[in-house]
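K.L.:
After the sequence you'll find the predicted model.
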Amino acid sequence: MASEGGRAVLGRLQSMLEDSIARRGVVGASLAVWADGKLHEAAAGWANREASIKATPDAVFHYGSITKTLTATMVARLVDEGRMELDAPIARYVPEFAPPDPATAATLTVRHCLAHTAGLVGLVFADTGRDDDTLARQILAINPHPQYHPPGALNSYCNSGLLMLGRAIETVLGRPWHAALIEHLAAPLGMDGVVARPEQALRKRYAVGHAFDPVTGSWRADPQPFAMPGHAPAGSTPAGRARDLITFARMHLDQGRSSSGAYLSAVMVETMQRRMVKCPVSLHLDGWGLGWILYDWGGHRVIGHDGSTATTNAFLRIDPARGVAAALLVNCRSGLPVYEDLFSEIFTALVGAWESGAPAVVPAAGLGSFAGEYCDGLIRMVVEPSADSLRVAISPMISSPLTKSLVQTIELHPCGPGQFFADGADAMLGVRDAPATTRLVRPYAFIEAAGSRWLHTGQSAFRRL
């Protein structure tokens with residue numbers, strides 16, 4: 001039962017959201033919270049500013065990489081049904097997979113792909129069309145790239161691994177992924193607002209993403225909001241209501257049960273939430289389960305995932321111990337300040353936990369040893385010592401709608417052996433007019449693995465050249 005403070009927060013979600021998007025200059029947002037066995041909703045701003053369509057709780061926003069948890073859950077069900085095996089080579093289910101090293105095909109497993117330890121090159125941009133073979137052709141585009149690191153050697157965020165899982169779903173079910181998402185996940189769970197293609201979104205109150213136009217000083221609707229359908233299992237196209245994510249979260253909170261019956265076994269739900277790999281950073285990120293990011297908020301376990309497209313942000317957090325879940329969807333790339341405004345209050349009031357604040361700075365010697373250029377094939381980080389901290393110049397190696405805003409220089413403060421953090425505006429990469437007053441802290445660590453030094457963000461690993 002929520003405390004008096006918790007009930008007060010739930011009672012003013014609408015005013016909290018309206019105030020936040022006004023202060024942060026955000027186009028529109030939708031919020032849904034599950035607490036005390038009830039759904040609480042709010043929405044504010046515009047679903048489509050140019051068409052003067054208002055955001056409501058029924059508006060369909062893009063999920064971005066939160067889709068990865070949907071893909072992982074579909075795989076988990078196939079494992080429950082005996083149609084896939086977690087420790088089988090992914091090549092068993094993906095006939096197109098032909099890596100440069102044949103040994104990789106035998107050792108890279110379904111579990112590796114789910115836990116982001118596959119070691120494939122994380123993101124390969126290739127326009128493979130909009131037909132039902134788009135995903136199979138994405139695998140062919142991935143094939144020529146050598147392994148980024150050996151399977152299982154470390155954790156590094158990997159869209160390519162999720163595309164492998166999406167293609168595996170297609171081959172096992174005999175349906176294209178976009179159809180399987182609706183027929184084998186959304187429909188059985190009652191996620192009625194979920195769409196995977198633009199023609200489906202046309203039948204909904206669709207919240208188009210918005211990009212900031214520096215010439216006019218205003219937000220403009222994204223001209224290509226359903227770009228790269230071949231990356232759909234990783235999050236390029238799926239969308240839905242915030243309440244649909246709460247429906248999804250409730251199944252994971254209720255040991256795999258949904259309103260229409262058991263979707264997953266209780267054992268599989270627990271397996272997905274169990275830590276498969278520990279994060280090397282020391283702040284508020286605990287590790288990865290199967291599809292889930294595991295957060296440590298002052299000793300309190302929370303699971304979830306974030307998502308972004310070129311013009312949207314999305315956030316999902318679930319507290320399995322207290323049965324609380326919250327989903328926030330924003331149709332521009334300035335959602336992180338709104339996430340902080342809302343989720344800090346919601347989770348502090350309802351579960352008594354929130355992200356870690358800035359730790360004490362620990363003076364560190366030998367900062368020059370960390371200097372160098374670190375890359376993941378998509379983003380470059382050039383690290384230089386600066387007095388008692390490190391300066392990191394971030395820039396895209398390949399300019400794309402997802403990376404073009406990532407041109408920023410940040411400061412990393414030492415907080416332990418090889419451990420650093422960014423705070424203030426530096427904690428909000430790619431956010432327009434990031435507020436320096438933020439309490440958010442983003443961790444970084446320098447680690448040795450697979451014969452190389454890496455700069456790790458808790459999710460992504462950048463190898464030193």
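P.N.:
Cool, got the structure. Residues are numbered from 1 along each chain as shown.
K.L.:
Need the residue closest to the centroid of this protein.
P.N.:
Asp306 (3.2 Å; C-alpha atoms, centre = their mean).
K.L.:
Pull the number of nearby residues for the closest residue to Ser3 other than its chain neighbours.
P.N.:
Take Ser3 and drop its neighbours on the chain: the residue closest to it by C-beta to C-beta, 6 or more residues apart in numbering is Ala349, 7.1 Å away. All C-beta atoms are positioned from the backbone trio N, CA, C, and that covers glycine. Neighbour count for Ala349, taken as other C-beta atoms under 10 Å: 19.
K.L.:
ditto for the one 4 residues further on
P.N.:
In terms of burial, Ala353 registers 19 neighbours under the definition other C-beta under 10 Å.
K.L.:
next one: Arg83
P.N.:
Counted with other C-beta under 10 Å, Arg83 comes out at 14.
K.L.:
so it, which of the three states?
P.N.:
Look at Arg83: counting by DSSP: H, G, I helix; E, B strand; the rest coil, its state is coil.
K.L.:
Helix, strand, or coil at the residue of the chain most remote from its centre?
P.N.:
Centroid-distance maximum for the chain: Ala365 at 34.5 Å, with C-alpha atoms, centre = their mean. When classified by three-state DSSP, Ala365 comes out as coil.
K.L.:
Would you state the strands of the stretch 151-300 of the chain in chain order?
P.N.:
Applying DSSP state E, counting those that start in this stretch to the stretch 151-300 of the chain gives strands spanning 210-213, 218-221, 239-240, 257-258, 261-262, 277-278, 285-288, 293-297, 300-309.
K.L.:
so how far is Gly11 from the residue nearest to Ser3?
P.N.:
The gap separating Ala349 from Gly11 is 11 Å, by C-beta to C-beta, to the nearest Å.
K.L.:
Where does the prediction get shaky in this structure?
P.N.:
Across the chain, the ranges flagged by pLDDT under 70 are 1, 399-405.
K.L.:
quick check: domain ranges of it?
P.N.:
Following automatic domain parsing, the chain resolves into domains at 1-356, 367-464.
K.L.:
Find the one among those with the highest mean neighbour count.
P.N.:
Sort those by mean neighbour count, taking mean count of other C-beta atoms under 10 Å, and domain 1-356 sits at the top with a mean of 20.
K.L.:
Specify the beta-bridge partners of the closest residue to Ala51 other than its chain neighbours.
P.N.:
Spatial nearest neighbour of Ala51, excluding adjacent residues (C-beta to C-beta, 6+ apart): Ala221 at 7.6 Å. Counting by DSSP bridges, Ala221 is bridged to His210.
K.L.:
Ala221 and Glu50 touch, don't they?
P.N.:
Yes. Under the criterion of C-beta atoms under 8 Å, Ala221 makes contact with Glu50 at 4.9 Å.
K.L.:
Provide a list of residues in contact with Val33.
P.N.:
Contact analysis of Val33 by C-beta atoms under 8 Å, 6 or more residues apart in numbering lists 10, 13, 39-41, 246, 324-327, 346.
K.L.:
Can you tell me how far Val195 is from Tyr295?
P.N.:
28 Å.
K.L.:
so where do the helices sit in the chain?
P.N.:
Ranges of helices in the chain, per DSSP state H, are 4-11, 13-24, 67-80, 102-107, 110-114, 134-142, 159-173, 177-181, 187-189, 198-201, 242-253, 266-273, 336-351.
K.L.:
Any chance of CSV for those helices, columns distance to Ser282?
P.N.:
As requested, these are exported to CSV (distance: least, C-beta to C-beta, whole Å):
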stretch, distance to Ser282
helix 4-11, 29
helix 13-24, 29
helix 67-80, 24
helix 102-107, 30
helix 110-114, 24
helix 134-142, 33
helix 159-173, 25
helix 177-181, 36
helix 187-189, 36
helix 198-201, 41
helix 242-253, 27
helix 266-273, 22
helix 336-351, 20
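K.L.:
Nearest approach to Ile379 belongs to which of the ones you listed?
P.N.:
The closest of the helices of the chain to Ile379 is helix 159-173. By C-beta to C-beta, the value is 13.1 Å.
K.L.:
Just want the angle from that closest one to helix 67-80.
P.N.:
40 degrees (axes from the mean of the first three to the mean of the last three C-alpha atoms, to 10 degrees).
K.L.:
Reformat the strands of the stretch 151-300 of the chain as JSON lines; add distance to Ala91.
P.N.:
Shown next, in JSON lines, are the strands of the stretch 151-300 of the chain (distance: least, C-beta to C-beta, whole Å):
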{"stretch": "strand 210-213", "distance to Ala91": "39"}
{"stretch": "strand 218-221", "distance to Ala91": "41"}
{"stretch": "strand 239-240", "distance to Ala91": "31"}
{"stretch": "strand 257-258", "distance to Ala91": "32"}
{"stretch": "strand 261-262", "distance to Ala91": "30"}
{"stretch": "strand 277-278", "distance to Ala91": "21"}
{"stretch": "strand 285-288", "distance to Ala91": "22"}
{"stretch": "strand 293-297", "distance to Ala91": "26"}
{"stretch": "strand 300-309", "distance to Ala91": "26"}
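K.L.:
To Phe370, which of these lies closest?
P.N.:
strand 285-288 (19.9 Å).
K.L.:
Can you name every helix or strand that the closest one contacts?
P.N.:
strand 277-278, strand 293-297 (3 or more C-beta pairs under 8 Å, 6 or more residues apart in numbering; DSSP states H and E).
K.L.:
Serialize the ones you listed to JSON lines and add fields for distance to Ala262.
P.N.:
JSON lines is the format used below for the helices and strands packed on strand 285-288 (distance: least, C-beta to C-beta, whole Å):
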{"stretch": "strand 277-278", "distance to Ala262": "28"}
{"stretch": "strand 293-297", "distance to Ala262": "24"}
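K.L.:
For Arg24, which of those is the nearest?
P.N.:
Among those, strand 293-297 sits nearest to Arg24 (C-beta to C-beta), with 22.6 Å.
K.L.:
Packing partners of the closest one?
P.N.:
strand 285-288, strand 300-309.
K.L.:
who's His413 bridged to?
P.N.:
Phe421.
K.L.:
Could you pull up the residues touching it?
P.N.:
358, 361, 389, 420-423.
K.L.:
can you check Ala327 too?
P.N.:
31-33, 242-243, 245-246, 249, 314-316.
K.L.:
would you list the residues you listed in JSON lines and tack on distance to Leu378?
P.N.:
Listed next are the contacts of Ala327 as JSON lines, based on distance: C-beta to C-beta, whole Å:
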{"residue": "Leu31", "distance to Leu378": "31"}
{"residue": "Ala32", "distance to Leu378": "32"}
{"residue": "Val33", "distance to Leu378": "34"}
{"residue": "Ala242", "distance to Leu378": "29"}
{"residue": "Arg243", "distance to Leu378": "33"}
{"residue": "Leu245", "distance to Leu378": "27"}
{"residue": "Ile246", "distance to Leu378": "32"}
{"residue": "Ala249", "distance to Leu378": "30"}
{"residue": "Ala314", "distance to Leu378": "20"}
{"residue": "Phe315", "distance to Leu378": "22"}
{"residue": "Leu316", "distance to Leu378": "24"}
